[in-house]
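Enquirer: structure for the following, please:
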Amino acid sequence: MNRIDRSAKVREHFHQAKWDEPVIYELSTPGERGILVPQASEEVASQVEGIGALPAGMKRKNRVNLPEISQNRVLRHYLRLSQQVLGADVNIEIGQGTCTMKYSPKVNEQLARGVQELHPLQDPSTVQGMLEIYYQTDRYMCEISGMDRFTFQPGGGSQGILAMASVIRAYFESRGEKRDEIITTLYSHPSDAAAPVMNGFKVIYLQPDPQTGLPSMETLKAAVSERTAAYIVANPEDTGVYNGQVQAFTAYVHEHGGLCAYDQANANGLLGVTRAREAGFDLCFFNLHKTFSSPHGCGGPACGATGVSQELVPFLPAPLVGFDGERYFLDYAFANKEFGVGKIRSFYGVAQVVLRAYAWIRSLGGEGLYQVAKTAVLNNNYLFKKMLEIPGIGAYYCDGNNQRVEQARYTMEKVYEETGVSTGDIQRRAMDFGLHYWTSHHPYYLPEPITLEPTETPSKADIDEYVETMKYIFSECRENPEVVKTAPHRSTVHQIDESGMDDPAKWAVTWKMYLKKYQ
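Expert: The predicted model follows:
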C-alpha cells in the first residue's frame, strides 16, 4: 500500500494534542513569581532617578494587571498551547486559501533571531546593518514591482491598503481636487473597500460578469467619474481568476484623472511574470509574511510593504531609510510637510519579517522567484483538477481550461443541497485529520465556498494526500453526515457555540472585559 492509498486511513487515526488548558489569567496565583528582582543598591539608587523622575500625570494609579505565575507554569502553559497548533511545520499546509502559508527556510529563522534584541528607539548609528537590510529590500521590492520607493511601516496587509488609501487622499488634497470615490471589485479582498472607507471615501463595487467572474470594461466606464480618486483591485481576485484586461482598466482610470492601486497580498503566482508598473498601477503592496516567506505569526508580526511611483513618494508615511554613500539613516526630508501621511504605525516595520524576506529574495534571485511563481501556479492547477473530480465539488467561472493562478475558490453547494452538510462542517471535520480547510471571507458571495492555496511548497504527493483525505471526508457527508456535522472529535476543542459571534454585547476580547461581563 503506497502513501496515497493509506493517507486518509492514517489521518483517520490523527489526534490533536489535547490539554484542558485554561487561559493564563486563570493560572495566576497572587504573590507567585517567576523571578525576584533585587532592590537597587544605594550606589545605584543615588544615581538613577527611576520612577521619581516621571511627571505625576504619567504615573499609574493602580498596579498593572498581569498574571502572577512561576516560570515553570509559564513554560508548561505555552508549550501545551504550541502542541495544539496546526501549523506549516507539522502539517500539509494547503487549506488556508488567500494566506499563502508556505515553507519558511529555517536558516532564515536563525538570521531573524539575530536581530530580535533590537529596539526601535536605538540610535541609527547602532543599527546600520538592519537599516541597510531595509534599504536593500526596498530596492528589491522596486525591481519586483516597478515602483520607485517602498515603506515597510504598515504592520500587515490591511494596513498596507490603508497606507495606499491614505497616500491617495493626501495626493488629491495637495492638488486641491475633491475626489471622494474608490472603485474596487466584489471579489477583491474586503479590506480594499474597508480601508478607503476609513479614509472617508465612498466605495463603488464593480459587479462580476456571471460567465467570466470579472467586471466588464462597460461596468468600469459606468463607475468612473470626475469624483473617482482611485481603482484599488486584487488581481487575481480571491476566486483565483486573473483579469487579463487590467491594463485597459488602469489606462481608462488614468484618462479620467484617477490613480490605480494594486492589492498584491497574494503575488505568489506573479513573481517574475508581471509587474505592477507595466500593468499601469501607481501604488501596490506586498505581504512579506505571505509571498516572501516570512511566517504570519498568528495575526502579527507582519508587514504590508507598500510601494509608490515617484510622484507619490512625498506622501508616503515617514520615515523612509536613506543612504548618503557612507551611512544609512531615517529620512524624514522627503515628506510633504503639509499633506504627507505622517505615520501608519508607531515604528518602522518589524525587523525580523523584513530580514526573512530579504534573505529569501537573495537566496532565490530573479530566476528563483520566477520558478516559485511557475511551481505555485502548477500546483494550484493540479489541485484544481483533482478537487473537481470529487462528486459535488464545483467552481464558478470555468472557461473549459480549468485555469486559476495561485489559488482557487470552489463551491460545495451540491453537497449541501444533497446532504445538509455545510462548508463550515467540512472545515471543522478537517481538523480531525490534522488539516486546514478555509471557506471564504464573509459574506459568502459564492455559495458554500472552499478556498485552497497550495503555494510552491507541497510536493505532488502532498497534494494527492490532501485530496484523498478530502475525498474521504466528502464521502462521509453521504454515508455518515452526522459525524461531519458534529465535528471536530479529535481536536483540541469540540464544537463551540457561535451564536454570539455577531453580537458585540457578548464579545470579551480582554480578560478584564471577560470578568466584567461574565463573572
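Enquirer: point out where the stretch 351-500 of the chain drops to low pLDDT.
Expert: Residues of the stretch 351-500 of the chain that meet the criterion pLDDT under 70 lie in 400-402.
Enquirer: now the strands: where do they sit in it?
Expert: 408-411, 449-452 (DSSP state E, counting those that start in this stretch).
Enquirer: and those strands, which is most packed in?
Expert: Most buried of the strands of the stretch 351-500 of the chain, by mean neighbour count (mean count of other Cβ atoms under 10 Å): strand 408-411, with a mean of 25. (C-beta placed from N, C-alpha, C; glycine too.)
Enquirer: need the residues that contact that one.
Expert: If you take Cβ atoms under 8 Å, 6 or more residues apart in numbering as the criterion, strand 408-411 is touched by 97, 238-240, 380, 383-384, 387-388, 393-396, 440, 446-453.
Enquirer: cutoff 6 Å now
Expert: Strand 408-411 is touched from outside by 239-240, 384, 387, 393-395, 446-451, with contacts defined as Cβ atoms under 6 Å, 6 or more residues apart in numbering.
Enquirer: then stretch 114-128?
Expert: 130, 328-330, 347, 351, 355.
Enquirer: which residues of the stretch 301-450 of the chain fall in helices?
Expert: 351-387, 413-419, 423-430 (DSSP state H, counting those that start in this stretch).
Enquirer: pick the most deeply packed of those helices.
Expert: Neighbour counts (mean count of other Cβ under 10 Å) averaged over each of the helices of the stretch 301-450 of the chain peak at helix 423-430, with a mean of 21.
Enquirer: any low-confidence regions in the stretch 51-200 of the chain?
Expert: For the stretch 51-200 of the chain, no stretch has pLDDT under 70.
Enquirer: tell me where it has helices.
Expert: Under DSSP H, counting those that start in this stretch, the stretch 51-200 of the chain gives helices at 71-83, 106-113, 128-145, 157-175, 191-198.
Enquirer: quick one: closest of the strands of the stretch 351-500 of the chain to residue 28.
Expert: Closest of those to residue 28 is strand 449-452, at 39.2 Å (criterion: Cβ to Cβ).
Enquirer: with only the CA atoms kept, save that closest one in PDB.
Expert: Extracted C-alpha coordinates of strand 449-452, given in PDB (Å, rounded to 0.1, in the frame of the first residue of the first chain):
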ATOM      1  CA  PRO A 449     -17.300  28.200  -0.700                       C
ATOM      2  CA  ILE A 450     -13.900  26.400  -0.200                       C
ATOM      3  CA  THR A 451     -10.700  28.400  -0.800                       C
ATOM      4  CA  LEU A 452      -7.500  26.500  -1.100                       C
END
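Enquirer: who touches residue 285 in this structure?
Expert: For residue 285, the contacting residues are 160, 304, 306, by Cβ under 6 Å, 6+ apart.
Enquirer: who does it form a beta bridge with?
Expert: For residue 285, the beta-bridge partners under DSSP bridges are residue 263, residue 306.
Enquirer: do you know how far it is from residue 179?
Expert: Separation of residue 285 from residue 179 (Cβ to Cβ, to the nearest Å): 21 Å.
Enquirer: circling back: can you name the two of the contacts of strand 408-411 that are farthest apart?
Expert: Every pair of the contacts of strand 408-411 checked by Cβ to Cβ; the farthest is 384 and 447, at 18.4 Å.
Enquirer: what's the closest of the contacts of strand 408-411 to residue 103?
Expert: Using Cβ to Cβ, the contacts of strand 408-411 come closest to residue 103 at residue 451, 20.0 Å.
Enquirer: which residues does that closest one contact?
Expert: 97-98, 409, 438, 440.
Enquirer: neighbours around the closest residue to it other than its chain neighbours, how many?
Expert: Excluding its sequence neighbours, the residue lying closest to residue 451 (Cβ to Cβ, 6 or more residues apart in numbering) is residue 97, at 3.0 Å. Residues contacting residue 97 under the criterion other Cβ atoms under 10 Å number 28.
Enquirer: OK, contacts around residue 97?
Expert: Counted by Cβ under 6 Å, 6+ apart, residue 97 has contacts 407, 438, 451-453.
Enquirer: would you turn the strands of the stretch 351-500 of the chain into a markdown table with distance to residue 278?
Expert: Conversion of these to a markdown table gives the following (distance: least, Cβ to Cβ, whole Å):
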| stretch | distance to residue 278 |
| --- | --- |
| strand 408-411 | 25 |
| strand 449-452 | 28 |
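Enquirer: give me the pLDDT for residue 3.
Expert: At residue 3, the pLDDT value in this model is 50.
Enquirer: err, residue 41, not the other one
Expert: At residue 41, pLDDT is 87.
Enquirer: then the one 4 residues further on?
Expert: We have a pLDDT of 79 for residue 45.
Enquirer: is it in a helix, a strand, or coil?
Expert: Reduced to three states with DSSP: H, G, I helix; E, B strand; the rest coil, the structure at residue 45 is helix.
Enquirer: equivalent analysis for residue 230, please.
Expert: strand.
Enquirer: ok, it - contacts?
Expert: Residue 230 neighbours (Cβ under 6 Å, 6+ apart): 168, 182, 258-259, 261.
Enquirer: so which of those residues wins on neighbours?
Expert: residue 261 leads the contacts of residue 230 on contacts (other Cβ under 10 Å) with 33 neighbours.
Enquirer: that one - that's part of a strand, no?
Expert: Yes: under three-state DSSP, residue 261 sits within a strand.
Enquirer: quick check: it vs residue 238, distance?
Expert: With Cβ to Cβ as the criterion, residue 261 and residue 238 are 17 Å apart.
Enquirer: all strands for the stretch 201-350 of the chain, in order.
Expert: Under DSSP E, counting those that start in this stretch, the stretch 201-350 of the chain gives strands at 202-206, 228-234, 259-264, 283-287, 304-308, 320-323, 328-331.
Enquirer: just checking, what packs against the last one?
Expert: Taking 3 or more Cβ pairs under 6 Å, 6 or more residues apart in numbering; DSSP states H and E as contact, the helices and strands that strand 328-331 lies on are helix 128-145, strand 320-323.
Enquirer: all set, thanks.
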